[in-house]
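Novice: Sequence and predicted structure below; questions after.
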Amino acid sequence: MTLAELAQRALAEGISLGRLAVILESEETGIPLDEIVARVRDMVRVMKSSVSEGLGRVEASMPVRPGVLERARRSRSGLSGGDAAKVAGRIASGRNLPGNFLLAKSVAYALAVSEVNAAMGKIVAAPTAGSCGVIPGTFLALAEVSGAGEEDLVDALSAAGLIGQVIGERVGLSGAQAGCQAECGSAAAMAAAGLVQLAGGSPEDCIHAAAFALKGLMGLVCDPVAGLVEVPCVKRNATSAAVALASAEMALSGVRSRIPPDEVISAMAQVGKMIPPALRETSQGGLAVTPTGLRVSREMANRSSVCMHPMPKRPGNIEYTTLTQIRPHFDDPHR
Amino acid sequence: MRLLDVLGPVMIGPSSSHTAGAARLGNIARILLGEPPVQARIILHGSFAATYRGHGTDLALVAGLLGFAPDDERIRDSFAWAAREGLEFSIETGDLGDVHPNTARIELTSRSGKRLSVVGSSVGGGKVEITEISGLPVSLTGEKNTIVAMYPDRPGVVAGITSILAKVGVNIATMRVARSGRGKTAVCVIEVDQDIPEEVVQEVRQLPTIENVIVVRAQ
């Protein structure tokens, strides 16, 4: 399945890439069309609630459940949280860069969803948890400005998914396989295609938008500090959202990728294989091994645990336990 | 790769492998025990051991043991829920040998004293594989409806189970049998294409020598 073939088929049948994605999924799995659409719709709704939750601190009109403020503030490691609220607060007071409303909103929303993810809130992996902010960030910011409705968002998310399927089959969608270009890069490509569709572009426009985003983020490494989905992941979601918007703008203007989109994906796959393992989610290179990155990593490892009830003579290292009394069978060395 | 693999799962963050997969592992362990656990010993291996605090792997595993799904917002507070539900647990780190980096060993006891140990790995994107049940090698992903039967090794038991499935038109996708030794405990894991009716479970339970039958439903 190539992007060119998919765009051609959508054009020939007079349907959107999103509708084509749903039809193909139904053909392949036997799941009825309506059921697939309903599942994608559920994901759009979760995306909306992730954004609201991430902005919990500033949107006073929103009903706030207990724990939400805390969650919006900090992740369990303490490495992330609260930045979406900063950007959103600045937009609310009209101090964002002049004329930069859509981008600023996208950034705030992408940060919000990524922070909710880091703080153990509910998100949609799109395509992964580490890159979960890009699509809702850009889609929901655009919908707010353009007035696009829920069904438009469902169709756009389906189109984004189709782009992700092609990348997933030919490159993979994990940082361990191909670096962050496969996570935030793929998310930006998916978002760019979906944004184009939301704005009324053609299937051809969509795949070129995806190509621009992949080219913009090609070679991006995966180097998480302390192995956690926080630094730099949260902010990379925000910057990837900006790449998606720039890519959509070009494609909608009729700009075409000199390298055909399918060849761009092939190049991405080749680059992914050339990225050394140290920069593929192993935390052995890049930002993870900066002096600060290493210090954070050591602090995380040394952090004292909750609820200490050390159990003696164990094969493993006891982290903590809530067992009030150790039953005999727990003393069997594990086989 | 399917559309609904690329989009989703809907999950509690931050990591599909270290959080969502961990919850699923705990959940399957609970299902395999067949009763709510009151004690759990959890041993984390490899990347699970190295990063579980930041990823909430411990919270997610305990949540799974309480029966919470990977998208249940109670995961974050699962230790408090465990106290409320009467589940005592310990979290340890250790070397489980030549296994996937994201692997946990879970030892469970139910209120009635039933015990079970499970080794399982989170293999990416929230997908999991149970590789060991009470010391016996198995392969159980929970992606298809699965029947797990435990019994003393004896000729004809597997034939008995498969003929019951055949009778109701349930098609077997994969099947694996393992035993600790000739005539000793055996486990049979059968993945099927259709739903598994409750009558089938009852009928398998009536087979001579069957000690336990569990159905793990696909999610």
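Specialist: That came through fine.

Novice: alpha carbons only for contacts and neighbour counts from here, please
Specialist: Fine.

Novice: what does chain B put close to chain A?
Specialist: B:1-4, B:6-16, B:39, B:41, B:43, B:50-51, B:53-56, B:71-73, B:75-76, B:88-95, B:125, B:135 (CA under 8 Å from any CA of the partner chain).

Novice: Using PyMOL, make a named selection holding only the buried ones among these.
Specialist: Those of the residues of chain B next to chain A that count as buried under 16 or more other CA atoms under 10 Å in any protein chain shown are selected in PyMOL with:
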select buried, chain B and resi 2+3+4+6+7+8+9+10+11+12+13+14+15+16+39+41+43+50+51+53+54+55+56+71+72+73+75+76+88+89+90+91+92+93+94+95+125+135
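
Novice: residues contacting the spatially closest residue to A:Ala178 that is not a sequence neighbour?
Specialist: The spatial neighbour of A:Ala178 that comes closest, neighbours along the chain excluded (CA to CA, 6 or more residues apart in numbering or on different chains), is A:Gly272 at 4.0 Å. For A:Gly272, the contacting residues are A:171, A:177-179, A:181-182, A:219, by CA atoms under 8 Å, 6 or more residues apart in numbering or on different chains.

Novice: what do you get for A:Gln8?
Specialist: So A:Gln8 contacts A:203-204 (CA under 8 Å, 6+ apart).

Novice: do the same with B:Ser121
Specialist: B:25, B:100-104, B:128-131.

Novice: Most neighbours among those residues, please name it.
Specialist: B:Leu25 (35 neighbours; other CA atoms under 10 Å in any protein chain shown).

Novice: Give me the pLDDT for that one.
Specialist: If you check B:Leu25, the pLDDT there is 98.

Novice: So which helix or strand of chain A has the lowest pLDDT on average?
Specialist: Scoring the helices and strands of chain A by mean pLDDT, DSSP states H and E places helix A:68-73 at the bottom, with a mean of 51.

Novice: which helices and strands sit right next to whatever helix or strand comes next after it?
Specialist: Scanning forward in sequence from helix A:68-73, with DSSP states H and E defining helices and strands, the next element found is helix A:83-92. Helix A:83-92 sits against helix A:101-118, with contacts defined as 3 or more CA pairs under 8 Å, 6 or more residues apart in numbering or on different chains; DSSP states H and E.

Novice: so what strands line up beside the following helix or strand past the helix it packs on?
Specialist: Sequence-wise, the next helix or strand downstream of helix A:101-118 (DSSP H and E) is strand A:122-124. Take DSSP bridges as the rule and strand A:122-124 pairs in its sheet with strand B:10-12 (antiparallel).

Novice: what about the helix or strand following the strand it pairs with, distance to the chain center?
Specialist: The helix or strand immediately downstream of strand B:10-12 is helix B:21-33, counting by DSSP H and E. Put simply, helix B:21-33 sits 4 Å off its chain's centre (CA atoms, centre = their mean, to the nearest Å).

Novice: Helix B:21-33 packs against which elements?
Specialist: Against helix B:21-33 (3+ CA pairs under 8 Å, 6+ apart) you get helix B:57-65, strand B:102-110, strand B:115-124, strand B:127-133, strand B:212-216.

Novice: Specify the angle between the first one and helix B:21-33 in degrees.
Specialist: Regarding helix B:57-65 and helix B:21-33, their directions subtend 30 degrees when assessed with axes from the mean of the first three to the mean of the last three CA atoms, to 10 degrees.

Novice: Toward the C-terminus from helix B:57-65, list the very next helix or strand.
Specialist: Counting by DSSP H and E, what follows helix B:57-65 is helix B:78-85.

Novice: contacts for that next one?
Specialist: Residues contacting helix B:78-85 (CA under 8 Å, 6+ apart): B:59-60, B:62-63, B:66, B:74, B:88.

Novice: which other helices and strands contact whatever helix or strand comes next after that helix?
Specialist: Going down the chain from helix B:78-85, the next helix or strand is strand B:88-93, by DSSP H and E. The contact analysis (3+ CA pairs under 8 Å, 6+ apart) places strand B:88-93 against strand A:317-321, strand B:37-45.
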